[in-house]
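1. let me see the structure of the following:
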Amino acid sequence: MTILESSDTAAIRNVALVGASATGKTTLTEALLLRAGVLKQPGSVERGSTVSDHDPLEKRVGHSLNTAVVNCEHDGIRIQLLDTPGALEFVGQSLPALEAVETAAIVVSATSGVDSTALRMMAHATERKLDRLIIVNRIDVPGARCEAVLTQIREVFGRECLPLNLPADGGARVVDCFFNRGGATDFSSPEAAHQALVEQVVEVDSDFVDRYLNQGDVEATELHAPLEQALRDGHLIPVCFVSARTGAGVDELLDIITKLLPNPTEGNPPDFLDGTGNDAKLMHATPDPGKHVLAHVFKVTVDPYVGKMGVLRVHQGTITRDSQLFVGDGRKPFKVGHLFRLQGGEHVEIARALPGDICAIAKVDALHFDAVLHDAAEDSHIHLKPLQFPVPVHGIAIEPKRHGDEQRLWELVQRAVDEDPCLRIEQVAATRETVVYGLGELHLRMLLDRLREVHKFEVETRPPRTAYRETITTQAEGHHRHKKQTGGAGQFGEVFLRVEPLPRGAGFEFVDVVKGGAIPSNFMPAVEKGVREALAAGVIAGYAVEDIRVTVHDGKSHSVDSKDIAFATAARKATWVAIMEARPIVLEPIVDVEILAPAAAMGDITGDLASRRGQVNGTEAQLGGTMIVRGQAPAAELIAYATRLNAMTSGEGRYTIAFSHYEPAPATVQNNLRKEHKPVEVE
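-> Numbering: from 1, shown residues only. Take a look at the predicted model:
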């Protein structure tokens, strides 16, 4: 397939197709490529033959998992389309796509209408000041409700949502309403839609308002400048109808993209920040190919054959195959060896990239998600205003099936984390586990499938253990004499100490009040080491002891046999004895939880939270019939909560958690943990 290089920034259109799964974004991408002459016949999601879904896992599961970049040309304009995944779990792929385009096209189904994903993506596009277009797909299928969906769109997103075309003949075709005023449609009329569009557009320009009031009409061909302003300001959000399956409305959509949507010089420029913290200054790139380079890496892939590849949008300057570029504040530049245009999984080498171009650079290890590439030292502190991603809270503990493969596992999962900002890997010291966190069960299942199918790496998984803690509730004394004689020099150390509880969250204090050299000062570090080892190992349930003060007040030594190991052992076992006498208890972690879900599910959610020993602290109504519930619950009760929340909200709920504090676990939990733990025995 032939992909032309850009000759002029004004001849580029960048559009991200966003929206829920099953709205037909990938099929629509195929239809656009077909009508633009890139394809001779369209691929099929079901057969795994589309340009966008080129990943083996995408072909198997039948839906997009990654953002794909495709190119086509129509009427001398090069269109760069970003086909994004629709599942909430893969928002780490879809949100960054908005950083690379001027227009966010929110795709909704003519059968189901506006959903929670459309709401979220519209909110993100609005916050990033993008032009917005709403595409109503599947207008020809049984059960399509085009008129009702348009009414819903206007109720949810505002009266500025107006149709550019209308379906006709039961969705078999569409009729343009911007340049055309006549024709039969399934509802409303082109004349009424045309008048509403013109009135909405001219409102942003006082000269056109006067002409419209005096002359009664303004030709649509004269409205390019005010139309661009109306789109930039969000004063107009066009709605168009299409059937990706039959091709109805696809030619009209290509015309809308090329004739009405902004090029990179017309859209609102993204907000760059120069500097960090409160000293950061807002700045905008200038889409001038002659200026120094500013480009943003919005996607990273790690291919076993190609290596690390950064997909980037050029905002300013020109990148060539010989360009010397810096990554962020890095001091060492790299030379661009190869520059690629992407067509799904195909990489087409190009000689240069202009402002507005979306391209890729491979085999540069320093590239990372959200990096700004530049060729001038004074731009080293420039970065894009950060995106706010959902916090990954759904975790699984993971370990390799084969002992010794721990490092390989870490490297493979870290590679996935590099590609997806909504994945996180953590070594949890408290439970001695490697835990991977994602946005839901599907998110993590795809990661595990990739490890197994692509990398041929087998792993064991289980729910992560809760990071309980132990503490004491009263003061107690502990003593231990360590004496060992094995023929030569022996070991001797004796320690007397006292433990007492501290306020919750105070941690650990070690106090030395030994007098008269009963324990020589050179052995005191060993004593403290032994105490810390006892606390880290736990006493009644195997979890670290905290909020405790340990005071060493006496001991004995031997001039020949006393050694560090002897005092460390004596201190460890004296601490164990003291804690067992100090009425120890288990503490459980309590987390703050924030749940966003449809208002209709609030009763189920609050009741379920109460059944998990949680409490609701407040609720807040949100746009589009959703609500936020804020509360607290034990972390152990929220393991695999995503599955339960999906069931209560039909997959439309999401939540975040953040550690709050520790508090005593219920007696049943304490008893179960004690039974499961085999305590250390004192000599």
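
2. which residues touch Phe340?
-> Shown in contact with Phe340 (Cβ atoms under 8 Å, 6 or more residues apart in numbering): Met309, His347, Val348, Glu349, Ile350, Cys359, Ala360, Ile361, Ala362. All C-beta spots, glycine's among them, are computed from the backbone N, C-alpha and C.

3. the fifth one touches His338, doesn't it?
-> No - counting by Cβ atoms under 8 Å, no contact exists between Ile350 and His338, whose distance comes to 9.3 Å.

4. between the two, which is the more surrounded one?
-> Set Ile350 next to His338 and count neighbours by other Cβ atoms under 10 Å: Ile350 wins out with 20 against 14.

5. if I look at Asp365, how far off is Val327?
-> Separation of Asp365 from Val327 (Cβ to Cβ, to the nearest Å) stands at 10 Å.

6. over to Glu191?
-> Computed as Cβ to Cβ, the Glu191 to Val327 distance reads 55 Å.

7. hang on, Val348 packs against His338?
-> No - taking Cβ under 8 Å as the definition, Val348 is not a contact partner of His338, at 10.7 Å.

8. any chance you could map the helices in the stretch 51-200 of the chain?
-> Assigned by DSSP state H, counting those that start in this stretch, the stretch 51-200 of the chain shows helices spanning 56-61, 91-97, 116-127, 146-157, 190-202.

9. helices of the stretch 201-350 of the chain, start to end?
-> Counting by DSSP H, counting those that start in this stretch, the stretch 201-350 of the chain has helices at residues 206-215, 224-233, 250-259.

10. show me the contact partners of the lowest-mean-pLDDT helix or strand in the chain.
-> The weakest-scoring helix or strand in the chain, judged by mean pLDDT, DSSP states H and E, is helix 206-215 (a mean of 75). Helix 206-215 has contacts (Cβ under 8 Å, 6+ apart) with Val198, Glu199, Val201, Val202, Glu203, Val218, Leu223, Pro226.

11. top of those residues by number of neighbours, please.
-> Within those, most neighbours by other Cβ under 10 Å means Val201, with 26 neighbours.

12. can you pull the contacts of that residue?
-> Taking Cβ under 8 Å, 6+ apart, we find Val201 in contact with Phe208, Leu223, Pro226, Leu227, Ala230, Leu236.

13. which of the contacts of helix 206-215 lies closest to Ile398?
-> Lowest distance from Ile398 to the contacts of helix 206-215 (Cβ to Cβ) belongs to Val201, with 54.5 Å.

14. and the closest one, how far from Ala125?
-> Here Val201 is placed at a distance of 20 Å from Ala125 (Cβ to Cβ).

15. could you do Gly603 as well?
-> 32 Å.

16. between the two, which one's more packed in?
-> Set side by side, Gly603 and Ala125 show more neighbours around Ala125, with 24 against 10, by other Cβ under 10 Å.

17. surely that one is in contact with Ile106?
-> Yes - if you go by Cβ under 8 Å, Ala125 and Ile106 touch, sitting 7.3 Å apart.

18. want to throw the contacts of Phe340 into a markdown table with pLDDT?
-> Below are the contacts of Phe340 laid out as a markdown table (pLDDT from 0 to 100):
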| residue | pLDDT |
| --- | --- |
| Met309 | 93 |
| His347 | 91 |
| Val348 | 91 |
| Glu349 | 92 |
| Ile350 | 93 |
| Cys359 | 96 |
| Ala360 | 96 |
| Ile361 | 95 |
| Ala362 | 91 |
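
19. are any of those residues buried, and if so which?
-> The neighbour count (16 or more other Cβ atoms under 10 Å) marks Met309, His347, Val348, Ile350, Cys359, Ala360, Ile361, Ala362 as buried among the contacts of Phe340.

20. out of these, flag the one nearest to Ile585.
-> Relative to Ile585, and with distances defined as Cβ to Cβ, the nearest of the buried ones among the contacts of Phe340 is Met309, at 52.6 Å.

21. please name the nearest non-neighbouring residue to that closest one.
-> Closest residue to Met309 apart from its sequence neighbours, by Cβ to Cβ, 6 or more residues apart in numbering: Ala362 at 4.3 Å.

22. next one: phi and psi at the one you found?
-> Main-chain dihedrals, Ala362, degrees, to the nearest 10: phi -110, psi 160.

23. please apply the same query to the one 5 residues further on.
-> The phi and psi torsions at Leu367 (degrees, to the nearest 10) take the values phi -70, psi 140.

24. list the buried residues of the longest strand along the chain.
-> Criterion DSSP state E: the longest strand present in the chain is strand 585-598. Residues 585-591, 593-598 are the ones in strand 585-598 that count as buried (16+ other Cβ under 10 Å).

25. list the helices and strands it packs on?
-> Strand 585-598 is packed against strand 469-471, helix 602-611, strand 626-634, helix 641-649, strand 654-664, helix 667-676, with contacts defined by 3 or more Cβ pairs under 8 Å, 6 or more residues apart in numbering; DSSP states H and E.

26. do that again at 6 Å, thanks
-> Strand 585-598 sits against strand 469-471, strand 626-634, strand 654-664, with contacts defined as 3 or more Cβ pairs under 6 Å, 6 or more residues apart in numbering; DSSP states H and E.

27. quick one: it to chain centroid distance?
-> Computed by Cα atoms, centre = their mean, to the nearest Å, the chain-centroid distance of strand 585-598 equals 21 Å.

28. and it, which strands flank it?
-> Note on strand 585-598: by DSSP bridges, its sheet partners are strand 469-471 (antiparallel), strand 626-634 (antiparallel), strand 654-664 (antiparallel).

29. quick one: which of those strands is nearest Glu252?
-> Across those, Glu252 has its closest neighbour in strand 626-634 (32.9 Å, Cβ to Cβ).

30. show me the contact partners of that closest one.
-> Strand 626-634 is touched from outside by 588, 590, 592-596, 598-599, 602, 605, 609, 612-621, with contacts defined as Cβ atoms under 6 Å, 6 or more residues apart in numbering.

31. go through it and flag the buried ones.
-> Thr626, Met627, Val629, Gly631, Gln632, Ala633, Pro634.

32. could I get the contacting residues of Leu442?
-> Glu89.

33. got a list of what the residue nearest to Ala665 when sequence neighbours are not counted touches?
-> Excluding the flanking residues, the one nearest Ala665 by Cβ to Cβ, 6+ apart is Glu588, at 4.0 Å. Neighbour list for Glu588: Tyr468, Pro634, Ala665 [criterion: Cβ under 6 Å, 6+ apart].
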